[in-house]
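Undergrad: Sharing a model that was predicted from the sequence below.
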Amino acid sequence: MTLSMGVSGGISEETAGTGEVIFPEGFVWGTATASYQIEGAANEDGRGPSIWDTFSRTPGKVFAGHTGDVACDHYHRYRDDVAMMADLGVQAYRFSMAWPRIQPDGSGPVNPRGLDFYDRLVDELHGHGITPLVTLYHWDLPQALEDRGGWTSRETAERFAEYAAVAYGRLGDRIATWTTLNEPWCSSFLGYGAGVHAPGRTDPGAAFAAVHHLLLGHGLAVAELRAAGAAQVGITLNLAPISGDDPEAVAHIDGLQNRIFLDPVLRGEYPADVVERARRFTDWSFVRDGDLDIIGAPIDVLGVNYYSPTAVRLRAGQPANPVHPGSEGIAFVQGDEEKTAMGWSVKPSGLTELLTRVSRDYPGTPLIITENGAAFDDVLADGRVADERRIAFLDGHFRAAHAAIAAGADLRGYFVWSLMDNFEWAEGYAKRFGLVHVDYASQRRTPKDSALWYREVIRRNGLQA
Ligand SMILES: CO[C@H](O)c1c[n+]2c([nH]1)[C@H](O)[C@@H](O)[C@H](O)[C@H]2CO
């Protein structure tokens, strides 16, 4: 498989930025959140501690020592939040379940009050005609499992499958689409390799073991969900188009960012070049016979999270990026595109390139954009947030998604990240991704101009000229 080097022509910002576009009938428009980022109620109704409760309490790890203890207080305010989504015309809602709410120690006894919350939430969504799409794991691993090795341990993969079965047992009758993991790349390389996410370990060998056990957990959970009768199963991967002049550098980073997950899940094999490059850090002995068959079991939908492209170039003496093991001599370069408050390049054409690449190289699996959005320095003034930059960001990316559909991508839906401002991991509450502004002192929600604009996009199923 050869990697396309940068935008494959034809889709330029200008092309993606003009004219009316209407999406296919039945295209699903949604919003997305995650449990630790919005729920709060961290010590309520039997919830156990997660690695993010531990990590956010570790001095220096999270901006200003922010934690998810209260967050958006969604655990108590979910009815109003669902009503707000309904008012915005949101058709589907992607949320994650907190494993520590359902199994406080990550195994064994189930906490019925934890399941009760998701019961109430899902019934509220259905009551408003909003389709739930659940993520079983969005990074809040029960601390008790991390104490026994976390994702570096095969046991965690096995416990994850049991947890999936418990969750499905209570909610399978009302949730049609189950995605196992959100972004195993972040959980493994940020959490165990670079240490900038929970659990904060800095061991590349551990990161590769985590990659495998996260994927094994996915595969084992898919088997449990299939056996229980799940209608749709999938996984969400954060992917990016990788561009650069040096094919080896591009292949290295594409391998660690994209193919180390796409190939096992959609082809049932690890990419040989990645396996070889990683031998500096691991002997891959954690891979057992049959694992790849489990991991590569067919799925019904691939969730794609896209925010920004990656560009690399060779640079003599460049130290390795700790997030990408073995990347010595490879510099990550920023283009001159507009940047978001996260410092990420705004490049809608990267979404078109990504979706067409995945469709070409991994055909046959329907795609959903499970996350796309941006943080900007929003200002609430006189009860309004005039977030024109977010509107422009979303307009451009919606058009880019439409261009991918026109190029043949089987894209079924789009979930804007995020429904509301929330706990942005190591950035705490300093970065605002929401369509809805949250005043954390009062917990007042204020739909931003982008939310009102999105309501019209959903109503039209597309964009005006
Ligand atoms: C490089 O962006 C990643 O794909 C990514 C970005 N994001 C994510 N993954 C996570 O899935 C969300 O929990 C974050 O809140 C969100 C915004 O940072």
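TA: In hand now; what should we look at? Residues are numbered from 1 along each chain as shown.

Undergrad: can you pull the buried residues of stretch 276-287?
TA: By 16 or more other CB atoms under 10 Å, the buried positions in stretch 276-287 come out as Arg277, Ala278, Phe281, Thr282, Phe286, Val287. All C-beta spots, glycine's among them, are computed from the backbone N, C-alpha and C.

Undergrad: what two of those residues are the furthest from one another?
TA: Taking CB to CB as the measure, the buried residues of stretch 276-287 span a maximum distance of 17.0 Å, between Arg277 and Phe286.

Undergrad: Among the buried residues of stretch 276-287, name the ones in helices.
TA: If you go by DSSP state H, the buried residues of stretch 276-287 have Arg277 in helices.

Undergrad: roughly how far apart are the closest residue to the ligand within the chain and Ala381?
TA: Nearest residue of the chain to the ligand: Asn238, at 3.2 Å (CB to the nearest ligand atom). Per CB to CB, to the nearest Å, Asn238 is found 33 Å from Ala381.

Undergrad: who's more crowded, these two?
TA: Asn238 (19 against 7; other CB atoms under 10 Å).

Undergrad: mind listing what the more buried one touches?
TA: Glu183, Trp185, Cys186, Asn305, Tyr306, Tyr307, Glu371 (CB atoms under 8 Å, 6 or more residues apart in numbering).

Undergrad: and the ligand, which of these contact it?
TA: Filtering the contacts of Asn238 for proximity to the ligand (criterion: CB under 6 Å from any ligand atom) leaves Glu183, Asn305, Tyr307, Glu371.

Undergrad: list the contacts for the closest residue to the third one other than its chain neighbours?
TA: Spelled out, that is Tyr307. In space, and not counting its chain neighbours, Tyr307 is closest to Trp344: 5.6 Å by CB to CB, 6 or more residues apart in numbering. Residues near Trp344 by CB under 8 Å, 6+ apart: Tyr307, Ser308, Ala374.

Undergrad: ok, the last one - contacts?
TA: Listed by CB under 8 Å, 6+ apart, the contact partners of Ala374 are Tyr307, Thr340, Ala341, Met342, Trp344, Val346, Arg389, Arg390, Phe393, Leu394, Phe433.

Undergrad: roughly how far apart are Glu158 and Ser107?
TA: Glu158 sits 9 Å away from Ser107, going by CB to CB.

Undergrad: how about the helix ranked longest in the chain: buried residues?
TA: If you go by DSSP H, the chain has its longest helix at helix 204-228. By 16+ other CB under 10 Å, the buried positions in helix 204-228 come out as 204-225.

Undergrad: The closest residue to Gly129 other than its chain neighbours: which element?
TA: Closest residue to Gly129 apart from its sequence neighbours, by CB to CB, 6+ apart: Ala86 at 7.1 Å. Here Ala86, judged by DSSP states H and E, is contained in helix 74-87.

Undergrad: Excluding its own residues, what touches that helix? List them.
TA: With contact meaning CB under 8 Å, 6+ apart, helix 74-87 is reached by 31, 33, 38-41, 44, 72, 93, 117, 120-121, 124-125, 127-130, 419-420, 436, 443, 445, 447, 455.

Undergrad: what residues are up against Glu424?
TA: By CB under 8 Å, 6+ apart, the contact list for Glu424 reads Gln37, Ala375, Ala430, Lys431, Arg432, Phe433.

Undergrad: repeat for Gly200
TA: With contact set as CB under 8 Å, 6+ apart, Gly200 has these partners: Phe55, Thr58, Lys61, Gly191.

Undergrad: Max pairwise distance over those: which two?
TA: Based on CB to CB, the longest span within the contacts of Gly200 runs between Thr58 and Gly191 and measures 12.9 Å.

Undergrad: Comparing these two, which residue is more hemmed in?
TA: Set side by side, Thr58 and Gly191 show more neighbours around Gly191, with 29 against 12, by other CB under 10 Å.

Undergrad: Just want to check the distance between the more buried one and Leu141.
TA: Counting by CB to CB - Gly191 and Leu141 are separated by 9 Å.

Undergrad: Need the overlap of contacts for the two.
TA: In terms of CB under 8 Å, 6+ apart, Gly191 and Leu141 are both contacted by the residues Ile51, Trp151, Ala198, Pro199.

Undergrad: tally of neighbours for the third one?
TA: For Ala198, the number of neighbouring residues by other CB under 10 Å comes to 29.

Undergrad: Please apply the same query to the one 5 residues further on.
TA: Other residues near Asp203 come to 15 when the count uses other CB under 10 Å.

Undergrad: try Met342
TA: Based on other CB under 10 Å, the number of other residues close to Met342 is 14.

Undergrad: With adjacent residues omitted, what lies nearest to Pro309?
TA: Distances taken as CB to CB, 6+ apart place Gly350 nearest to Pro309, at 3.6 Å, with adjacent residues excluded.

Undergrad: can you tell me the helix or strand for that neighbour?
TA: With DSSP H and E as the criterion, Gly350 is inside helix 348-361.

Undergrad: Against which helices or strands is that helix packed?
TA: Packing contacts for helix 348-361, counted by 3 or more CB pairs under 8 Å, 6 or more residues apart in numbering; DSSP states H and E, involve helix 13-16, strand 301-305, strand 367-372, helix 388-406.

Undergrad: let's see it at 7 Å
TA: With contacts taken as 3 or more CB pairs under 7 Å, 6 or more residues apart in numbering; DSSP states H and E, helix 348-361 sits against helix 13-16, helix 388-406.

Undergrad: chain center to the longest one, what's the gap?
TA: Pointing back at helix 388-406 there. Distance, stretch centre to chain centre, for helix 388-406: 18 Å (CA atoms, centre = their mean, to the nearest Å).

Undergrad: Between helix 348-361 and that helix, find me the angle.
TA: Interaxial angle, helix 388-406 versus helix 348-361 (axes from the mean of the first three to the mean of the last three CA atoms, to 10 degrees): 30 degrees.

Undergrad: before we move on, back to that, closest to Arg357 out of the buried residues of stretch 276-287?
TA: Among the buried residues of stretch 276-287, Arg277 lies closest to Arg357 (CB to CB), at 20.7 Å.

Undergrad: show me the contacts for the closest one.
TA: Applying CB atoms under 7 Å, 6 or more residues apart in numbering to Arg277 gives the contacts His252, Gly255, Gly326.

Undergrad: Kindly provide the distance from Leu351 to Asp81.
TA: Distance, Leu351 to Asp81, by CB to CB: 27 Å.

Undergrad: so where do the helices sit in the stretch 151-300 of the chain?
TA: Using DSSP state H, counting those that start in this stretch, the helices of the stretch 151-300 of the chain run over 154-171, 184-185, 204-228, 247-254, 260-267, 272-277, 291-295.

Undergrad: looking at those helices, which is closest to Gly408?
TA: When those are compared by CB to CB, helix 260-267 sits nearest Gly408, at 17.0 Å.
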